[in-house]
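1. Got a predicted model here, sequence first, then my questions.
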Amino acid sequence: MTISARPIAHSADFRVLRAVRWILAAAVLATAAAPETADAAKRARVVRPGAFDGTWSVTFTPRAGNCHATNTVPFNVHGTRVSSAGGGKVTGGVSRNGSVAVRITVGASWADGRGRLVGNSGAGRWSGLITGDRCSGIWQAIRG
């Protein structure tokens, strides 16, 4: 009886060929999916226009603490981002349902505000440290 090495070698070549084929198929799929993944990541970074876009005039009224002046400050809203439209640093944002959470910083003074925007108006509460004094109060906003 003679055992041929040819069928065993043929079988081993077939397994290697199958493995190479799977590796190539995976590489082709990864390459084809990469532009879509990159596009999705790019779209996620882009702020889409939102229902609250525009410039808002926000009036801060103190109710407690040693702060007595009422101030009106403009803010810009674009998508979910809230930014200052004049002076100070604003961080935070607005959700699609209008919930607002921001921190406003001007020099050593800061205030945190929370509330809600509905249509072209909004309201909420704020608290912070203004020129060294702890203060809190309400805010009201009008778009336009």
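-> Received the coordinates, thanks.
2. Now do the domain split for the protein, please.
-> Following automatic domain parsing, the chain resolves into domains at 1-46, 54-143.
3. which stretch in those domains has the least confidence?
-> The weakest mean pLDDT among those belongs to domain 1-46, with a mean of 47.
4. quick one, what contacts Thr131?
-> By CB atoms under 8 Å, 6 or more residues apart in numbering, the contact set of Thr131 is 67, 108-109. No exception for glycine: its C-beta is placed from N, CA and C like everyone else's.
5. Only whichever of those are buried, select them in PyMOL.
-> Buried members of the contacts of Thr131, defined by 16 or more other CB atoms under 10 Å, are picked up in PyMOL with:
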select buried, resi 67+109
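6. ok, of the contacts of Thr131, which one's closest to Asp53?
-> Ser109 (27.7 Å; CB to CB).
7. Might you report the residue contacts of the nearest residue to the closest one once chain neighbours are set aside?
-> Of all residues not flanking Ser109 in the chain, Ile130 sits nearest, at 4.8 Å (CB to CB, 6 or more residues apart in numbering). For Ile130, the contacting residues are 65, 67, 109, 111, by CB under 8 Å, 6+ apart.
8. Show me the beta-bridge partners of Arg125.
-> Beta-bridge partners for Arg125, by DSSP bridges, are Arg114, Ile138.
9. number of nearby residues for it?
-> Residues lying near Arg125 (other CB atoms under 10 Å) number 13.
10. okay but it is in contact with Ser136, surely?
-> Yes. Checked against CB atoms under 8 Å, the pair Arg125 and Ser136 is within contact range at 7.0 Å.
11. Count the residues that sit near the closest residue to Arg143 other than its chain neighbours.
-> The shortest distance from Arg143 to any non-neighbouring residue, by CB to CB, 6+ apart, is to Asn120 (4.3 Å). For Asn120, the number of neighbouring residues by other CB under 10 Å comes to 12.
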